[in-house]
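*Asks:* missing the sequence, but the structure's below:
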């Protein structure tokens, strides 16, 4: 049984949790196609109050899932945002009702390429329709409405999760009070697209790819592992990699690499293929690349409709989603006189910083939520 | 027939050139193994003077070759440093005798994995011995001595070429007067190793790899193309990619990519496999990753033995070989009271900047060489 000592930030764990699935009859995507039925995998932590005004939706990034906090039975590692979600933590489950759901197009229980197509009796795989960040958010809206929640206290997320939070503020301006956007962007730059592109090409180059109609016995695992290895470099900072690996020799696997950073990346790639689907990798990275609220004046126009308060967090060492992309969002919000707090943190961990423990980040999230809670701003 | 109008910087072209090959009986590598014979592919431009003191060795980067300037018969594109090598250019062939050779371990005519092993009658491929930057330089020393040159006027190069220039200054301190190190480093960081590592893993993952003993009909082209695509992202800057591609739709190839940057990278990958060998890619990237003159005090100690004057050039937009790596070299040279000029240029093209036309860069190279020429410094 996990204890509160398991991570340095745990003011308390939500304990053992289970992922639930809710099913809706049908769901129409922005592209016009309809999914029948729509399934959404989710977890909740804490209790929804009578007014139903204490709910916070946390949104996961590319390879995340509904399991944001606590432990699944028998697991040694907690959910992806356990540092920040739990009793007494920044997203305090003693106060808030936290909802976390798997994005559609993903492979962790929500409708996506692994879902069985009722018409064929086989998984959709690459015949699943294109999914956008807007679709992911619209599916979350169904989940929120299912709980009878009209207005979320907050939507929060990092990276792709931050894009979802942004999209919430634009698509459902009256249904969230606070929006927390971390290590994110209003649209991918050519460089960000390029990294995803090479990852997708690695999958498409795998001899098992078969146009996405591969069998579970012969999956394009080498291609997916390569995509993950490359992606993983972009999630870390130059400085952090130097500290962690430097030029040290490899651990194990000395057949195929001469350096510790090589054996680490090989391990990351190999373990990823056990927990992620190659088609989902393609769907979700395409959703990321196609998301576009614009920049500059275009973004300012789009953000004119938002009605919530914002916290935008960037990291100096994040070269994948560089701080200037966050500043772009902040500037457009300011032009629209939207209340926004912007923080650039110098955590050394690069893009992954939003997932890692940091007292400073904890305080920032906590203070932002409390100040609203106490009616300081809105 | 190419004319001097073909590029904006051409003060004149060296015209049509041919790659030559010189053969030495044998050559012992730093690792102890002997290559019999050693072949070196090279080109020269300009004339060696009677004193044999006007020779400049230019060293190529990862995917370069001996063809630095002018045109091969029938080619539309000139050599890789044609902007800077020719009559009236920075490396002025009216004054200097320019030598450019293919590195050993490469695949453009010098001994390497494509060389036939006399014992088996088949190409070495992955049985070719490990090659270091030191070995590349030692092979160049044989070439220089073959010309009867004792002391080079200069050794110059960018990226891996810069490492060779640095290695020259340390391995043969009395045999060069000037050393030009551009967009380079005294050793690879974990991040630099990581990018090469994923490239190598892409090749190793290709079903045609066959432990490096692939046939020419079934080469690991998909893996090599992926390695190149990823590498190519690191050669460009975020800013340059934004300007060049932004979020534009693809040109051609709309089957496998939705963005212009994707179709560009696919093209780069596909055209690379026509001109490069996968084994050589592995040998040369390993030489890069294993090169280590250290940093800080260790580097200062190593550089205590140099006897030449230095020009070190870095580019603000180069995030693959960030300017701090050049500064590291400069600092160590300064501690040793070695004459060094350091320039950080804000050319927007990222790591590739050293290859691209720039009036400023042209002047810097020209002035550095002339000042020595006129005895201003040494």
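*Replies:* Sure, I can see it. This structure is a prediction, so every number in the text was calculated from the model and none was measured. Numbering: from 1, shown residues only, chains lettered A, B, ... in the order given.

*Asks:* switch to C-alpha atoms for all contacts and neighbour counts from now on
*Replies:* OK.

*Asks:* Which single residue in the stretch 1-150 of chain A comes nearest to chain B?
*Replies:* residue A:130 (12.3 Å; CA to the nearest CA).

*Asks:* just checking, that residue touches residue A:31?
*Replies:* Yes. Taking contacts as CA atoms under 8 Å, residue A:130 lies within contact range of residue A:31: 7.3 Å.

*Asks:* Those two: which has the busier surroundings?
*Replies:* Of the pair residue A:130 and residue A:31, residue A:130 is the one with more neighbours under other CA atoms under 10 Å in any protein chain shown, namely 19 against 11.

*Asks:* Find the nearest non-adjacent residue to the more buried one, please.
*Replies:* Closest residue to residue A:130 apart from its sequence neighbours, by CA to CA, 6 or more residues apart in numbering or on different chains: residue A:283 at 6.8 Å.

*Asks:* got the contact list for that neighbour?
*Replies:* Contact analysis of residue A:283 by CA atoms under 8 Å, 6 or more residues apart in numbering or on different chains lists A:105-106, A:130-131.

*Asks:* what about 7 Å?
*Replies:* Remark: with contacts taken as CA atoms under 7 Å, 6 or more residues apart in numbering or on different chains, residue A:283 is in contact with A:105, A:130-131.

*Asks:* That one: what secondary structure?
*Replies:* Using DSSP: H, G, I helix; E, B strand; the rest coil, the structure places residue A:283 in helix.

*Asks:* how close does it sit to residue A:204?
*Replies:* Distance of residue A:283 to residue A:204, given as CA to CA, to the nearest Å: 13 Å.

*Asks:* Please apply the same query to residue A:241.
*Replies:* For residue A:241 relative to residue A:204 (CA to CA), the value is 29 Å.

*Asks:* ditto for residue A:99
*Replies:* The gap separating residue A:99 from residue A:204 is 34 Å, by CA to CA.

*Asks:* again, but for residue A:54
*Replies:* 44 Å.

*Asks:* Distance to residue B:71 and pLDDT for the contacts of residue A:283 - can I get that in JSON lines?
*Replies:* Output for the contacts of residue A:283, formatted as JSON lines (distance: CA to CA, whole Å; pLDDT from 0 to 100):
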{"residue": "A:105", "distance to residue B:71": "51", "pLDDT": "98"}
{"residue": "A:130", "distance to residue B:71": "48", "pLDDT": "96"}
{"residue": "A:131", "distance to residue B:71": "49", "pLDDT": "97"}
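
*Asks:* Give me every residue in the stretch 251-378 of chain A lying close to chain B.
*Replies:* Listed as neighbours of chain B in the stretch 251-378 of chain A under the rule CA under 7 Å from any CA of the partner chain: A:261-262.

*Asks:* All the helices of the stretch 251-378 of chain A, in order from the start?
*Replies:* Remark: helices assigned in the stretch 251-378 of chain A by DSSP state H, counting those that start in this stretch are A:260-273, A:278-290, A:296-302, A:323-335, A:359-373.

*Asks:* buried ones in the least confident helix or strand in chain A by mean pLDDT?
*Replies:* Lowest mean confidence among the helices and strands of chain A (mean pLDDT, DSSP states H and E): helix A:359-373, at a mean of 91. Buried positions in helix A:359-373, judged by neighbour count with 16 or more other CA atoms under 10 Å in any protein chain shown: A:361-362, A:364-366, A:368-369, A:372.

*Asks:* What of stretch A:231-246?
*Replies:* A:231-242, A:245-246.

*Asks:* and those, which two are the farthest apart?
*Replies:* Of all pairs drawn from those, the greatest distance, 19.0 Å, lies between A:231 and A:246 (CA to CA).

*Asks:* I'd like to know how many residues surround the residue nearest to residue A:355 when sequence neighbours are not counted.
*Replies:* Leaving aside its sequence neighbours, residue A:355 sits nearest to residue A:81 (CA to CA, 6+ apart; 6.3 Å). Using other CA under 10 Å, residue A:81 has 22 neighbouring residues.

*Asks:* Which secondary structure state does residue A:81 sit in?
*Replies:* Going by three-state DSSP: residue A:81 is coil.

*Asks:* need the contact list for it.
*Replies:* Residues near residue A:81 by CA under 7 Å, 6+ apart: A:68-69, A:355.

*Asks:* residue contacts, the spatially most distant residue from the centre of chain A?
*Replies:* In terms of distance from the mean C-alpha position of chain A, residue A:255 ranks first, at 34.7 Å (CA atoms, centre = their mean). With contact set as CA under 7 Å, 6+ apart, residue A:255 has no partners.

*Asks:* distance of it from chain B?
*Replies:* Computed as CA to the nearest CA, to the nearest Å, the residue A:255 to chain B distance reads 11 Å.

*Asks:* Mind jotting down where the strands sit in the stretch 101-250 of chain A?
*Replies:* All strands of the stretch 101-250 of chain A, identified by DSSP state E, counting those that start in this stretch, fall at A:116-117, A:122-123, A:154-158, A:178-182.

*Asks:* Mind giving me the packing neighbours of the second one?
*Replies:* Translated: strand A:122-123. Applying 3 or more CA pairs under 7 Å, 6 or more residues apart in numbering or on different chains; DSSP states H and E, we find strand A:122-123 packed against strand A:116-117.

*Asks:* what pairs with the strand it packs on, and is each one parallel or antiparallel?
*Replies:* According to DSSP bridges, strand A:116-117 forms sheet pairs with strand A:122-123 (antiparallel).

*Asks:* What mean pLDDT does the strand it pairs with get?
*Replies:* In this model, strand A:122-123 carries a mean pLDDT of 96.

*Asks:* Which residue ranges of the stretch 51-200 of chain A form helices?
*Replies:* Using DSSP H, counting those that start in this stretch, the helices of the stretch 51-200 of chain A run over A:133-146, A:160-171, A:190-205.

*Asks:* contacting residues around residue A:188?
*Replies:* residue A:289.

*Asks:* try 10 Å this time
*Replies:* Contacts here follow CA atoms under 10 Å, 6 or more residues apart in numbering or on different chains; on that basis residue A:188 touches A:194, A:288-294, A:320-321, A:325, B:242, B:246-247.

*Asks:* got a list of what the residue nearest to residue A:134 when sequence neighbours are not counted touches?
*Replies:* On the basis of CA to CA, 6+ apart, the spatially nearest residue to residue A:134 that is not a chain neighbour turns out to be residue A:167, at 6.5 Å. Residues in contact with residue A:167 (CA under 10 Å, 6+ apart) are A:133-138, A:161, A:173, A:179, A:186, A:291-293, A:303, A:306.

*Asks:* so which helix or strand takes in residue A:44?
*Replies:* Using DSSP states H and E, the element containing residue A:44 is strand A:38-45.

*Asks:* Can you spell out which helices and strands pack onto that strand?
*Replies:* strand A:20-24, strand A:27-28, strand A:55-59, strand A:97-101, helix A:133-146 (3 or more CA pairs under 10 Å, 6 or more residues apart in numbering or on different chains; DSSP states H and E).
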